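**Q** give me a model of this one.
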Amino acid sequence: MHTYKATSRLIADPITTANPAPEGAERSQPGGRRILLHAPDITLKGRNQRDFQQALIRNVRLHLSRSGYHWNAGASRGRVCILVPERSAIDIPDALALLRRIPGVAALADALWIPPREAYTEDRQVNWDLLTPKVIDLAASIYREHASFAVRFNRVDKQLLTISSAVGERLGAAIVQATAWDKVNLKRPDCTFHIDAYPDGLYLYTDKLKGVGGLPVGTGGRVLALLSGGIDSPVAAYLLAKRGCEVDLFHLSASHLSVSEIADSVIGRLVRQLSRHTGRMHLHVAPNTYFDMALKGRPTGYEVVLFRRFLLRVAAEQANRIGALALVNGDSLGQVASQTLENMVSVTRCIETPVFRPLVGTNKDEIIDLARWIGTYEISIDPYKDCCALIAGNPKTRSTHEALVELEQTLIPDYPQLMARTLQDMTVLEFAYGERVTPNINTHKQEEFT
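**A** Residues are numbered from 1 along each chain as shown. As a prediction, the model looks like this:
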């Protein structure tokens, strides 16, 4: 185990210098707390990096403001930096819990920020008189019995002359001498004290919190996700949002529902919860009534597959109207009879719109874990009259596109009219950041289907 040599504890000077604010943010008071957001996927974007970073900043600001945190956020040397007012320090734990679920945020940290005029000496060295006692105070405040630690110094400002290894040695020794920490482990520490040296100052923090990662919502195009009342489809929608897509939801209800019935149903509650992660979402709901009446009393064993083809056709038409480039569903290969490879292929062939299946190779327990993480699982297990559950049991596990086309021509000769009536009764609701947007300005009838 590594050993740090002890050094004497030094007295801190008061911070008096105003800080340079991050790009796009106002100046804050001297020193204080900042939340650092790391988004490594964005750093891979080359010349488009700034656009992705600005999208993340915009999403972060919106999520914070909708939760009552009117804090400045801006770009700072490849990261997103949030300036926390001194009076709001008590809100940092809740803000971290909010920020870590925003797509694009891979890691985040609550950092003590020291302005450059205080952090560095005139000869471009670390100001030990200021930094050492702050590190000691932090270490003492989070001491864990029998735990090991390490000090990591990240010298981003290459004009700084202090050697990184010297910082680790000196501060580690100071921690050992002045606190109860006595176990150093440079390879696998239980706790890491990070000091990041940037041109805009020093950032001191302990272990980073893990975020969801991915890309900022709104950078990956628009998709329309099929939403049932089950566990899988909300997770599939979330995964596309996590890769930067703007996601709207589409649902075929078992009967005609009023706006308030939709909003209060399992479906409405699922979209409300998803919007806590993604921001603004629209829920498109059409009735399955006309299709159900067309097939009633005419059992074939292919009812579920025929329903899913109808679902895709209506959703594809709605996607075209709203400018969505693809559909998304929660299919997992072989999970149920309608999700055999043969049925998935024959269902998809009825439309030209691409269908993304992010869960196709995922086990059910993995899907449930994701549903719990995003907060949709408890909603999904509540009772709900889903169309698939109302269709006759024992569906066929194998089908072909050609055979299904013949069945549709026999059973539903007026298919275009059926589509038109269904689309005409479409209702659209809007949700944003965990709340339904009112009044119902987006509730309307659709134009005639052709």
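**Q** contacting residues for Leu138?
**A** When contacts are counted by C-beta atoms under 8 Å, 6 or more residues apart in numbering, Leu138 is found next to 112, 193, 204, 206. C-betas here are computed from N, CA, C, even on glycine.
**Q** how near is the nearest residue to Asp41 once chain neighbours are set aside to Thr43?
**A** Of all residues not flanking Asp41 in the chain, Leu215 sits nearest, at 5.6 Å (C-beta to C-beta, 6 or more residues apart in numbering). The spacing between Leu215 and Thr43, counted by C-beta to C-beta, to the nearest Å, is 12 Å.
**Q** any idea how far Asp207 is from His277?
**A** 23 Å.
**Q** the two: who's more crowded?
**A** Using other C-beta atoms under 10 Å as the criterion, His277 and Asp207 rank with His277 on top: 24 against 14.
**Q** could you check the pLDDT of that one?
**A** Looking at His277, its pLDDT reads 96.
**Q** so it touches Tyr238, yeah?
**A** Yes: using C-beta atoms under 8 Å, His277 is in contact with Tyr238, at 6.3 Å.
**Q** who touches both of these two?
**A** Here His277 and Tyr238 have Ile374 as joint contacts, going by C-beta under 8 Å, 6+ apart.
**Q** that older thread, can you pull the contacts of the residue nearest to Asp41?
**A** 41-42, 52, 103-104, 242-244.
**Q** show the buried residues in those.
**A** The neighbour count (16 or more other C-beta atoms under 10 Å) marks 41-42, 52, 103-104, 242-244 as buried among those.
**Q** okay, those residues in TSV with pLDDT, secondary structure and distance to Arg34 next?
**A** Output for the buried ones among the contacts of Leu215, formatted as TSV (pLDDT from 0 to 100; DSSP: H, G, I helix; E, B strand; the rest coil; distance: C-beta to C-beta, whole Å):
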residue	pLDDT	secondary structure	distance to Arg34
Asp41	87	coil	22
Ile42	86	helix	19
Phe52	93	helix	21
Pro103	96	coil	22
Gly104	95	coil	18
Lys242	97	helix	25
Arg243	96	strand	28
Gly244	96	coil	25
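**Q** where along the stretch 351-450 of the chain do the helices fall?
**A** 364-374, 377-380, 387-390, 401-411, 415-424 (DSSP state H, counting those that start in this stretch).
**Q** rewinding a little: and the buried ones among the contacts of Leu215 as a markdown table, adding distance to Ala150?
**A** As requested, the buried ones among the contacts of Leu215 are exported to a markdown table (distance: C-beta to C-beta, whole Å):
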| residue | distance to Ala150 |
| --- | --- |
| Asp41 | 27 |
| Ile42 | 27 |
| Phe52 | 32 |
| Pro103 | 31 |
| Gly104 | 28 |
| Lys242 | 31 |
| Arg243 | 34 |
| Gly244 | 34 |
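**Q** list phi and psi for Met293.
**A** Reported as degrees, to the nearest 10, the phi and psi values for Met293 are phi -70, psi -30.
**Q** with the one 3 residues further on instead?
**A** The phi and psi values for Lys296, taken as degrees, to the nearest 10, are phi -60, psi 130.
**Q** who's in contact with it?
**A** By C-beta under 8 Å, 6+ apart, no residues touch Lys296.
**Q** tell me how far the nearest residue to Gly78 once chain neighbours are set aside lies from Gly104.
**A** Excluding its sequence neighbours, the residue lying closest to Gly78 (C-beta to C-beta, 6+ apart) is Thr43, at 6.4 Å. As judged by C-beta to C-beta, Thr43 and Gly104 stand 12 Å apart.
**Q** what does Leu283 give?
**A** 23 Å.
**Q** check Glu366 too.
**A** To Gly104, Glu366 is 22 Å away according to C-beta to C-beta.
**Q** sounds good, over and out.
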